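Asker: Structure here, sequence nowhere to be found:
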């Protein structure tokens with residue numbers, strides 16, 4: 001007994017593969033010329049790339065060849081020094097303002113003639129707490145400014161904006177810079193100048209010896225108090241001795257002439273009138289010589305009584 005067939009596969013012969021069409025000779029020529037053009041432009045392109053790389057390197061290196069140590073990997077560390085301000089660059093507050101920010105700038109103080117006036121702006125004073133400026137402080141400053149004419153400061157000067165820096169604390173010590181807290185104290189104004197101290201010439205008496213001689217002894221020295229009539233020095237003067245001798249001679253002559261006149265008058269009429277007159281004239285001459293001797297001693301500072 002036969003059964004009906006429900007499914008099956010029909011075997012067919014495989015389809016033949018499509019073979020590639022052979023390229024024409026024209027197509028092969030175009031491809032070959034394109035490959036040849038690319039191959040010919042490779043050297044030019046390489047030269048352009050190399051030239052561009054050399055230019056880039058020269059621009060970034062300043063056209064300086066690296067040292068042999070740098071080629072080996074030994075790169076020198078950057079010098080930490082600010083040549084403009086002569087301090088380490090890592091702590092230079094001028095190059096890096098964030099290290100020490102500047103305070104807010106204040107206007108020029110026309111009243112006191114200074115920048116960043118701490119009298120008008122007490123908060124600018126670098127103190128633990130803001131000082132209190134009283135009316136007496138302002139009055140004292142005004143009196144000091146009115147005391148004398150003073151040179152005015154330049155209102156457009158910016159020197160106070162610059163900050164002085166030292167590389168180390170040792171350099172600051174060598175420069176003699178010291179840091180002290182601000183304090184309040186009286187200020188005394190004075191002018192330092194060379195001078196010479198002298199006596200009031202209207203009250204100075206220049207004393208000197210009345211005659212030349214040799215100083216034997218000095219009783220008073222410079223700076224000592226002297227009273228009127230005190231002996232200052234002892235001077236040995238030959239002229240004084242001569243004046244004394246002449247005075248003694250004049251005194252003896254005067255005494256002799258006076259006695260002679262007395263004898264002539266007592267003789268009565270035995271002496272002529274001419275003789276009497278002659279003796280009287282001699283006595284007058286002796287008196288004149290005696291008076292001159294006294295005057296000589298008086299001129300030498302030796303009064304005669």
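Answerer: Done, it's in. Values in this document were obtained by computation on a predicted structure and should not be read as measured data.

Asker: Could you list the low-confidence segments of the stretch 1-150 of the chain?
Answerer: Within the stretch 1-150 of the chain, the stretches with pLDDT under 70 are 1-41, 59-78.

Asker: Show me where the stretch 1-150 of the chain has its helices.
Answerer: Listed in chain order, the helices of the stretch 1-150 of the chain (DSSP state H, counting those that start in this stretch) span 25-61, 68-71, 135-146.

Asker: Going toward the C-terminus from the last one, what's the next helix or strand?
Answerer: So that's helix 135-146. Following helix 135-146 in sequence order, the next helix or strand is helix 169-174 (DSSP states H and E).

Asker: and the next helix or strand after that next one, which strands flank it?
Answerer: Scanning forward in sequence from helix 169-174 by DSSP H and E, the next helix or strand is strand 214-218. Strand 214-218 has its sheet partners listed here by DSSP bridges as strand 233-236 (antiparallel).

Asker: avg pLDDT for the partner strand?
Answerer: Strand 233-236 comes out with an average pLDDT of 86.

Asker: again, but for stretch 186-195
Answerer: Stretch 186-195 comes out at a mean pLDDT of 84.

Asker: tell me which element residue 275 falls in.
Answerer: Residue 275 belongs to helix 273-299 when assigned by DSSP H and E.

Asker: Mind giving me the packing neighbours of that helix?
Answerer: Judged by 3 or more Cβ pairs under 8 Å, 6 or more residues apart in numbering; DSSP states H and E, the packing partners of helix 273-299 are helix 238-266. Using the backbone N, CA and C atoms, a C-beta is placed for each residue, glycine as well.

Asker: Could you pull out the buried residues of the helix it packs on?
Answerer: 240, 243-244, 246-247, 250-251, 253-254, 257, 260-261, 264 (16 or more other Cβ atoms under 10 Å).

Asker: count of residues packed around residue 209?
Answerer: Using other Cβ atoms under 10 Å, residue 209 has 15 neighbouring residues.

Asker: brain fart, residue 301
Answerer: Count around residue 301 with other Cβ under 10 Å applied: 11.

Asker: Hmm, residue 207 and it touching each other?
Answerer: No. The pair formed by residue 301 and residue 207 falls short of the contact definition of Cβ atoms under 8 Å, at 10.2 Å.

Asker: Tell me the residues that contact both of those two, please.
Answerer: Common neighbours of residue 301 and residue 207, using Cβ atoms under 8 Å, 6 or more residues apart in numbering, do not exist here.

Asker: Could you check the angle the helix holding residue 275 makes with helix 238-266?
Answerer: For helix 273-299 against helix 238-266, the angle between stretch directions is 150 degrees (axes from the mean of the first three to the mean of the last three Cα atoms, to 10 degrees).

Asker: Tell me the gap between helix 273-299 and the middle of its chain.
Answerer: Centroid separation for helix 273-299 versus its chain: 80 Å, with Cα atoms, centre = their mean, to the nearest Å.

Asker: buried stuff in that helix?
Answerer: Neighbour count says helix 273-299 has 279, 282-283, 286, 289-290, 293-294, 296-297 buried, by 16+ other Cβ under 10 Å.

Asker: Farthest-apart pair in these, please.
Answerer: Pairwise distances across the buried residues of helix 273-299 peak at 27.6 Å for 279 and 297 (criterion: Cβ to Cβ).

Asker: of all the buried residues of helix 238-266, which comes closest to residue 81?
Answerer: Nearest to residue 81, judged by Cβ to Cβ, of these is residue 240 at 88.0 Å.

Asker: ok, that closest one to residue 211 distance?
Answerer: For residue 240, the distance to residue 211 equals 6 Å [Cβ to Cβ, to the nearest Å].

Asker: swap in residue 81?
Answerer: Residue 81 is 84 Å from residue 211, by Cβ to Cβ.

Asker: what does residue 139 give?
Answerer: Using Cβ to Cβ, residue 139 is found at 67 Å from residue 211.

Asker: Same drill for those two, tell me which one is more crowded.
Answerer: residue 211 (15 against 10).

Asker: Could you pull up the residues touching the more buried one?
Answerer: By Cβ under 8 Å, 6+ apart, residue 211 lies in contact with 235, 237, 239-240, 300.

Asker: what's around the closest residue to residue 230 other than its chain neighbours, how many residues?
Answerer: Closest residue to residue 230 apart from its sequence neighbours, by Cβ to Cβ, 6 or more residues apart in numbering: residue 220 at 7.0 Å. A total of 13 residues lie near residue 220 under the criterion other Cβ under 10 Å.
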